[in-house]
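> Need coordinates for the following:
(one chain, ligands or ions: 1)
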Amino acid sequence: MTTNEMWGGRFAQGPAGIMEEINASIDFDRRLYAQDIAASKVHAAMLAERGIISQADAAAILGGLDKIKAEIDQGKFTFSRKLEDIHMNVEARLKDLIGEAAGRLHTARSRNDQVATDFRLWVRDAIDSLDARLVAFQTALVAKAGQNSATVMPGFTHLQTAQPITFGHHLLAYVEMASRDRARFASARACTNESPLGSAALAGTSFPLDRDATAHGLGFMRPMRNSLDGVSARDFALEFLSACAIMATHLSRLAEEIVLWSSPAFKFITLSDAFSTGSSIMPQKRNPDAAELVRAKCARVTGSLVTLLGVMKALPLAYAKDMQEDKEAVFDAADSVALALAAMTGMVEDLKVNEIAMRKAAGEGFSTATDIADWIVRVLKKPFREAHHITGRIVAMAEGRGCGLADLSLKELQSVEPGITADIQSVLSLDASVASRTSFGGTSPERVREQVRYWQEQLK
Ligand code: ARG
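This is a model prediction of the structure:
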């Protein structure tokens, strides 16, 4: 076994096979190649600017790095586990291409600040692409909400019919969640967008670096102020994972509702063929597999957050190899939520609303009982608590008769509360019920249309 060509100076032997297997990260951190090369280019240019390496060496390094980037882009690069990670794979190839000058690139730098820099750049890119996907998701929800501002459905609490609401209102609740998800990603981005480059191994370096130049060259807000923090902080990744996990939780709730709504027992919606699957044995089945998978992806994204929290817990400063375990958790979470968002956007865009079934279900379960109580408070000036009792007796009467509240005659209503007049009929219909909920944030079609306009404006 030959010693490692990057750090083998003090070693007589190379690593055991199993050592190489546990140590190597190239199988996953190759995903950092574009960021790694971008950071190396900025570093090399700065070294030359500061007279730490010659302009000629810098030119050779930059040319070689561009060539390597093209090789990897085109799938022509051979990654080697022997070289552990993306940083050493790139540097070794650079040496093949330009010779000894390649060895000057690592001046005043360590893989510790290098990986922290690359990873921050990757997370920043991931946030930007997720934000675009979140906007597409919101846009699909707002469009569906606009078409369904007056579509009546049952609103549930405890999954028991509570009060009639509009489907548009229900969808807009998810637009609100998604907008807070975007705010969380924006906050994670701010935490991510500082440059560790120049922290070197942990203590900084004796070379006269220009850390502002490398920070700004990579689009970071500023260089990190403390080199120990620079190489050992992973809270940016934790914030990212936390935003992913919370968003995945939101998506899982909508996914679960889609599973319920599309079941034959509810029949509220029909998913398009494009987002349904059949059964190999039961010819009648249309399964909402994509929604179910989104529901389950949430567990795995939450798992990634818990993984990294566990890795970072009680880890002494500064860098420790434990932190190499950060990447798979982040990559997997980012991939999972990107896919989940795209699938949810497609399902929302394509789903057909079954207004008749929604309306029928909205009328069940005495859903306008609160409207009766409110009428008694408003017209008969009774305290709400008393109106609640009176209405309870009216509900019991309808239940006993096996009919809906709107089917009770005025006489029957008056047998419970003599003050009731024919005017009460006006609040018993589903449309009257939803139309009456005009408080800010309420479910009335009028309010929903306002909110749809608000979001259309925001998402322009
Ligand atoms: N592959 C390593 C990681 O992902 C890079 C940093 C290695 N640093 C070290 N001191 N061995 O964390």
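> helices and strands around the strand or helix carrying S415, which ones?
Applying DSSP states H and E as the criterion places S415 in helix 410-416. Packed against helix 410-416, as judged by 3 or more Cβ pairs under 8 Å, 6 or more residues apart in numbering; DSSP states H and E, are the following elements: helix 384-401. (Each C-beta comes from the backbone N, C-alpha and C, glycine too.)
> May I see the buried residues of the helix it packs on?
For helix 384-401, burial by neighbour count (16 or more other Cβ atoms under 10 Å) applies to 387-391, 394-395, 397-398.
> Dump these to a markdown table, plus distance to the ligand.
Converted to a markdown table, these look like this (distance: Cβ to the nearest ligand atom, whole Å):
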| residue | distance to the ligand |
| --- | --- |
| A387 | 65 |
| H388 | 62 |
| H389 | 66 |
| I390 | 68 |
| T391 | 64 |
| I394 | 68 |
| V395 | 63 |
| M397 | 70 |
| A398 | 66 |
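> Flag every buried residue along the helix holding S415.
For helix 410-416, burial by neighbour count (16+ other Cβ under 10 Å) applies to 413, 416.
> Which residue ranges of the stretch 351-460 of the chain form strands?
352-353 (DSSP state E, counting those that start in this stretch).
> Residue in it with the shortest distance to the ligand?
With Cβ to the nearest ligand atom, the shortest gap between the stretch 351-460 of the chain and the ligand falls at L459, namely 37.6 Å.
> Contact partners for that residue?
Contacts of L459 were listed using Cβ atoms under 8 Å, 6 or more residues apart in numbering, and they are 135, 138-139, 142.
> and if we set it to 10 Å?
Counting by Cβ atoms under 10 Å, 6 or more residues apart in numbering, L459 touches 135-136, 138-139, 141-143, 175, 179.
> So which of the residues you listed is surrounded by the most neighbours?
Compared across the contacts of L459, L141 has the highest neighbour count, 28 neighbours, by other Cβ atoms under 10 Å.
> where does the protein dip in pLDDT?
1-2 (pLDDT under 70).
> so what's S179 closest to, chain neighbours aside?
Closest residue to S179 apart from its sequence neighbours, by Cβ to Cβ, 6 or more residues apart in numbering: Q138 at 7.0 Å.
> how far out from the middle of the chain is the helix or strand in which that neighbour is found?
Element membership for Q138 (DSSP H and E) is helix 111-147. On the basis of Cα atoms, centre = their mean, to the nearest Å, helix 111-147 sits 8 Å off its chain's mean C-alpha point.
> buried sites along whatever helix or strand comes next after that helix?
Per DSSP H and E, the first helix or strand lying C-terminal to helix 111-147 is strand 152-157. By neighbour count with 16+ other Cβ under 10 Å, strand 152-157 contains the buried residues 152-156.
> need the residues of the chain near the ligand, please.
25, 29, 85, 111-112, 115, 319, 321, 323-324 (Cβ under 6 Å from any ligand atom).
> try 8 Å this time
Neighbours of the ligand within the chain, by Cβ under 8 Å from any ligand atom: 25, 29, 84-87, 110-112, 114-115, 119, 201, 319, 321, 323-324, 326-327.
> Could you give me the PyMOL selection string for whichever of these are buried?
Applying 16+ other Cβ under 10 Å to these leaves a buried subset, and the PyMOL line that selects it is:
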select buried, resi 25+29+84+85+86+87+110+111+112+114+115+119+319+323+324+326+327
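> Good, we can wrap up now.
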